[in-house]
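Enquirer: missing the sequence, but the structure's below:
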Ligand code: ADP
Ligand code: MG
C-alpha cells in the first residue's frame, strides 16, 4: 500500500516531473541519431563520461551507448530496469532504442532470445510518460501478439518495467470469459496487449471503445501478424487507428515486403537488423542436429529420446492438436519417469495458462503445437527442442528452436525428417541455419536402442 501523499507533495512531484520531461525532450531532440544509421556502429561513450545535460543546451550523445543508464529515460523507467538487473543493453536494444525513443517507426530484426521485448516496451512507456498520459487519456498504445501466452508474457514485462509509472495496462486475449468485464474497463486502459481477434472484437462490440488518440502501435512477431492468417483482422484493426502514430515491428524473421509494410503506412521506417552479418541465423549457443527417421519409427525415437533425457526440460513440437493429444495420452500411460504436459489451441484458456506456467517452473516434457513456437521465454530455461515433424518453413524452424538457447544460455535441438524430406536440410543451410545430420545411433540414443 502506498501512503496517501499530501497535496503539497503531489504538486512538488508534478513540477519535478515536468522538469524531467522538459529535459528529456530537449536531450532527445538535441542528440537524435541520423536517420538510416545503426547506432551500434558508433563508438561507445567512455565508461564514466557525464550523462544528460552537459551545458546550457548541450547534452550527452545517446546513440551508440552501451548501458540503459546512458539513455534519455525517465527515472521511473531507469529505476525499474535497475531493479530487474537490466544494466547493459543487448544489440537490438542498442540499435533500435535511440531511433524509437525519438519517435521513429522501427523495423527490428534480431535472433530469438536477444531482448526484443524491452526494445519496444521501453519506448512505449517513455512516450506515454513524456506525453503526460493518464487514466483519463484512454488508450495510448496497442501491442499486438500472435498468441495468448506471448501476450501474457509481454504483459508481465510491461508491468515489471513500468511498475513505477501510473499507467493502466490490460491483457485482451481470446478464450477468457470476462469479456463483459473487459468491456467496462477497456476504455480506462492506457496500454492494451492483445491478440488480433480479441482486439477486433472490442473494436466491433464495445460501446465507445476509442483508439483515435493512440500514439504507439507495436507488432511483436510482426511477420506472423502480417501473414495471411491474420490478414482480415489486422486490416480491420489498422483501419480504425489514427494514421499519425509511431509503429514498431519486431521479429527474428522480419518481413521486408513492401506490400506488407504499405498496409501499415510506415513513415520512413528505420530498418535495424543486427544479426544480418552474423554467420548463423540462430543463436550461437544453440546446437542443432537433424536425423532422418522413417515415419513408422518416429514415436519409438521420440520415446527413446525422452527416456534418455529424464534430467532435461524438453519442448516437443508436433504438427496438429490431434497429434499432441494422441502422443501425450499414449506416453502418459507408459510412465516415462518425467512429468508430461501438453499444450494446444483447443484447450481451455485457464488450462493453457496453467500449463504454460507449470512448464516454466518444472523440469518436464511439454508436447505442443506451434502455439508455443513463437516468442515464449520459459523462465527456467528449456534444454531441448524436439521437432517430430518437419516445420512448415524455415521461419517456423527458427522460431521453434529459438525457445532454447535464449539470451546468454545454451541449448540443443533435434529435428526428425522423413527420408523424403531431406530437401529441408538444404533450405536450412541456405538460410544460415547450421544443422548437422546425424545417425540416430551416434546422437542422443547412446547405448539404449530405440524401444518399441
Ligand atoms: P526476444 O524477444 O528477442 O526473443 P526476449 O525479449 O524474450 O527476446 O528476451 C530474452 C531474455 O533475455 C529474457 O529472459 C529477458 O529478460 C532477457 N533480457 C533482455 N534484455 C536483457 C538485458 N539488456 N540484460 C539482461 N537480460 C536481458
Ligand atoms: Mg520476442
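Expert: Everything's here; your move. Keep in mind that what you see is a predicted model, and the values were worked out from it rather than measured. Ligands and ions are numbered 1, 2, ... in the order given.
Enquirer: when you work out contacts or count neighbours from here on, use the C-alpha atoms and nothing else.
Expert: OK.
Enquirer: can you show me the helices along the stretch 51-200 of the chain?
Expert: 75-83, 91-101, 116-130, 148-161, 179-185, 196-205 (DSSP state H, counting those that start in this stretch).
Enquirer: is the first one in proximity to ligand 1?
Expert: No - judged by CA under 6 Å from any ligand atom, helix 75-83 and ligand 1 are separated, with a smallest distance of 8.9 Å.
Enquirer: what packs against that helix?
Expert: Packing partners of helix 75-83 (3 or more CA pairs under 8 Å, 6 or more residues apart in numbering; DSSP states H and E): helix 116-130, helix 148-161.
Enquirer: ligand 1: which of the ones you listed is closest?
Expert: Judged by CA to the nearest ligand atom, the one of these that comes nearest to ligand 1 is helix 116-130, at 3.7 Å.
Enquirer: and the angle for that closest one with helix 91-101?
Expert: 20 degrees (axes from the mean of the first three to the mean of the last three CA atoms, to 10 degrees).
Enquirer: returning to what we had before: by mean pLDDT, show me the worst of the helices of the stretch 51-200 of the chain.
Expert: Among the helices of the stretch 51-200 of the chain, helix 179-185 carries the lowest mean pLDDT, a mean of 84.
Enquirer: and it, how far from the chain's centre?
Expert: Centre-to-centre, helix 179-185 and its host chain are 26 Å apart (CA atoms, centre = their mean, to the nearest Å).
Enquirer: what's the answer for stretch 297-307, then?
Expert: So, by CA atoms, centre = their mean, the centroid of stretch 297-307 is 31 Å from its chain's centroid.
Enquirer: equivalent analysis for stretch 38-54, please.
Expert: The chain centre lies 27 Å from the centre of stretch 38-54; the measure is CA atoms, centre = their mean.
Enquirer: endpoints of that stretch, how far apart?
Expert: 24 Å (CA to CA, to the nearest Å).
Enquirer: so which of the helices of the stretch 51-200 of the chain is nearest residue 308?
Expert: Among these, the nearest to residue 308 by CA to CA is helix 148-161 (29.4 Å).
Enquirer: summarise which helices and strands that closest one is packed against.
Expert: If you count contacts as 3+ CA pairs under 8 Å, 6+ apart, helix 148-161 packs onto helix 75-83, helix 116-130, strand 169-172, strand 191-194.
Enquirer: okay if I get those as JSON lines plus mean neighbour count?
Expert: Listed next are those as JSON lines, based on neighbours: other CA atoms under 10 Å:
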{"stretch": "helix 75-83", "mean neighbour count": "17"}
{"stretch": "helix 116-130", "mean neighbour count": "22"}
{"stretch": "strand 169-172", "mean neighbour count": "22"}
{"stretch": "strand 191-194", "mean neighbour count": "25"}
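Enquirer: close to ligand 1: what parts of the stretch 1-150 of the chain are there?
Expert: Contact residues (CA under 6 Å from any ligand atom) of the stretch 1-150 of the chain with ligand 1: 86, 87, 88, 89, 90, 112, 113, 114, 115, 116, 117, 118.
Enquirer: hmm, try it at 8 Å
Expert: 68, 85-90, 93, 110-119 (CA under 8 Å from any ligand atom).
Enquirer: list buried residues within the residues you listed.
Expert: With burial judged by 16 or more other CA atoms under 10 Å, the buried subset of those is 68, 86, 89-90, 93, 110-119.
Enquirer: what does stretch 402-419 contact?
Expert: 112-115, 282-283, 285-295, 298, 373-378, 381-390, 401 (CA atoms under 8 Å, 6 or more residues apart in numbering).
Enquirer: sitting in strands, which of the residues you listed do you find?
Expert: Among the contacts of stretch 402-419, the residues falling in strands (DSSP state E) are 286, 287, 288, 289, 290, 291, 292, 384, 385, 386, 387.
Enquirer: could you measure from the residue of the stretch 351-452 of the chain found nearest ligand 1 over to residue 88?
Expert: Relative to ligand 1, the nearest point of the stretch 351-452 of the chain is residue 407 (4.5 Å; CA to the nearest ligand atom). For residue 407, the distance to residue 88 equals 12 Å [CA to CA].
Enquirer: can you count the residues close to residue 205?
Expert: Residue 205 sits with 10 neighbouring residues when counted by other CA atoms under 10 Å.
Enquirer: my bad, should have said residue 41
Expert: Residue 41: 11 neighbours (other CA under 10 Å).
Enquirer: can you tell me which residues contact it?
Expert: residue 64.
Enquirer: repeat the analysis, applying 10 Å as the threshold.
Expert: Residue 41 is in contact with 63, 64, 94, 95, counting by CA atoms under 10 Å, 6 or more residues apart in numbering.
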